[in-house]
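# fold the following.
(one chain, ligands or ions: 2)
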Amino acid sequence: MIEVRAPATSANLGSGFDVFGVALDKPADIVRLTKAERTSISVNGAGAEYIPEDPKKNTAGEVLRSLGVTARVEMDKGVRPSSGLGSSAASAAGVAVAANELYDLGLSDDELIHAAAQGEKVVSGEAHKDNVAPCIAGGFTVSDERTTAFDADFHVVVALPDIVISTRDARGALPSSVSIQQRSETVANASHVVAGVLKDDVEMVGAGMYDDVVEEARAPLIEGYDEARDAALDAGATGVTISGAGPALLAVCEREDKPDVAEAFVEGFWNAGVESRAFQARVGDGCQVVKRGR
Ligand SMILES: Nc1ncnc2c1ncn2[C@@H]1O[C@H](COP(=O)(O)OP(=O)(O)O)[C@@H](O)[C@H]1O
Ligand SMILES: N[C@@H](CCOP(=O)(O)O)C(=O)O
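Ligands and ions are numbered 1, 2, ... in the order given. Presented below is the predicted three-dimensional model:
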């Protein structure tokens with residue numbers, strides 16, 4: 001038996017749509033794998049009632065199939081599904097890492113990320129790596145065919161409004177093309193995010209997260225987005241963006257501003273008539289094997 005802690009992740013970071021992602025220090029899933037002749041999945045915890053146990057419909061089942069192994073999978077969900085915090089990715093990544101250990105597959109992080117992304121395809125229709133990559137590698141990651149991981153530990157606040165948005169629906173809201181000017185603005189902003197991570201400059205990271213393509217298309221799906229975003233920026237956030245496909249919002253800020261930003265997020269959504277909760281976090285490590293047994 002292998003037990004893995006798989007962290008929540010926040011993908012995109014605005015200008016890095018489908019490419020950037022960060023692992024968060026909390027919340028997390030716990031996945032437990034035991035060798036078995038056929039794959040079975042049991043789910044409990046946050047939003048378990050919305051998560052299929054059919055291996056063909058659960059990200060974990062597709063990951064095991066793509067690795068050519070079977071196992072009994074027990075999931076304790078700490079990452080609420082359809083919130084924009086990589087819930088489906090946490091299961092996919094956690095199971096990939098656990099299977100690698102359980103069957104001594106000797107796979108690299110890039111190979112595990114590829115396998116986990118096949119799981120994401122079951123759910124959102126596309127094998128995007130920007131959740132599973134930071135979930136496996138930890139820190140801040142830049143992913144296309146390959147993944148580059150960076151140590152990062154900047155502070156964030158996450159606001160979770162009482163809204164549900166599936167990644168598949170949010171991807172359907174995107175424009176089919178962008179202008180040359182939008183392309184160059186996005187490349188510039190995304191470059192500032194990477195530079196800010198490398199220079200440990202939270203102002204630069206926050207400013208670089210600005211995006212007027214994906215964010216503009218998805219903001220209408222999140223009631224209270226404008227009020228919450230403006231309130232968080234006024235309270236000291238250096239940048240605010242939709243976390244993944246939403247509805248969660250992610251603010252980057254200095255450590256000392258986290259309580260004010262969290263309070264501002266909730267007040268901003270409240271003023272728009274939307275219940276929400278906010279939690280303080282920071283960029284953290286990737287999947288970790290927490291238990292080995294028979
Ligand atoms: N192991 C899993 N964990 C969470 N969601 C899963 C899993 N397998 C399949 N799903 C489906 O994926 C959806 C959540 O994924 P998604 O819409 O991408 O949101 P997010 O990954 O941000 O939580 C849920 O509707 C759920 O039915
Ligand atoms: N790049 C993807 C990220 C989805 O993240 P999730 O946490 O909402 O699953 C997208 O924006 O569609």
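
# list, one by one, the residues from this structure near ligand 2.
Along the chain, the residues adjacent to ligand 2 under the rule Cβ under 6 Å from any ligand atom are 11-12, 17-18, 84-86, 88, 128, 130-131, 167, 170-171, 244-245. Heads up, the C-betas are built off the backbone N, CA and C, glycines and all.

# residues near Glu145, how many?
For Glu145, the neighbour count with other Cβ atoms under 10 Å is 7.

# am I right that it falls within a helix?
No - Glu145 is assigned coil when assessed by DSSP: H, G, I helix; E, B strand; the rest coil, not a helix.

# could you list the low-pLDDT ranges of the stretch 101-250 of the chain?
Counting by pLDDT under 70, the stretch 101-250 of the chain shows no low-confidence range.

# show me what contacts Asn12?
Counting by Cβ atoms under 8 Å, 6 or more residues apart in numbering, Asn12 touches 18-21, 130, 211, 214, 241-244.

# OK, contacts around Arg183?
Taking Cβ under 8 Å, 6+ apart as the definition, Arg183 has no contacts.

# again, but for Ile222
161, 163, 165, 242, 246-247, 249.

# how about the strands in the stretch 51-200 of the chain?
Assignment of strands within the stretch 51-200 of the chain using DSSP state E, counting those that start in this stretch yields the ranges 71-77, 140-143, 147-150, 155-161.

# please enumerate the helices of the stretch 51-200 of the chain.
For the stretch 51-200 of the chain, the helices defined by DSSP state H, counting those that start in this stretch occupy 59-67, 87-102, 109-124, 132-137, 167-172, 180-199.

# just name the most buried of those.
Highest mean neighbour count among these (mean count of other Cβ atoms under 10 Å): helix 132-137, with a mean of 34.

# and that helix, how far out from the chain's middle?
9 Å (Cα atoms, centre = their mean, to the nearest Å).

# report all helices and strands that that helix contacts.
Packing partners of helix 132-137 (3 or more Cβ pairs under 8 Å, 6 or more residues apart in numbering; DSSP states H and E): strand 2-11, strand 20-35, helix 87-102, helix 109-124, strand 140-143, strand 147-150.

# relative to ligand 1, which of the ones you listed is closest?
Comparing the helices and strands packed on helix 132-137 against ligand 1 with Cβ to the nearest ligand atom, the closest turns out to be helix 87-102 (3.0 Å).

# can you give me the angle the closest one makes with strand 20-35?
Between helix 87-102 and strand 20-35, the angle comes out at 50 degrees (axes from the mean of the first three to the mean of the last three Cα atoms, to 10 degrees).

# and helix 87-102, how far out from the chain's middle?
Distance, centroid of helix 87-102 to centroid of chain: 14 Å (Cα atoms, centre = their mean).

# also stretch 238-251?
10 Å.

# then stretch 195-205?
The answer for stretch 195-205 is 20 Å, by Cα atoms, centre = their mean.
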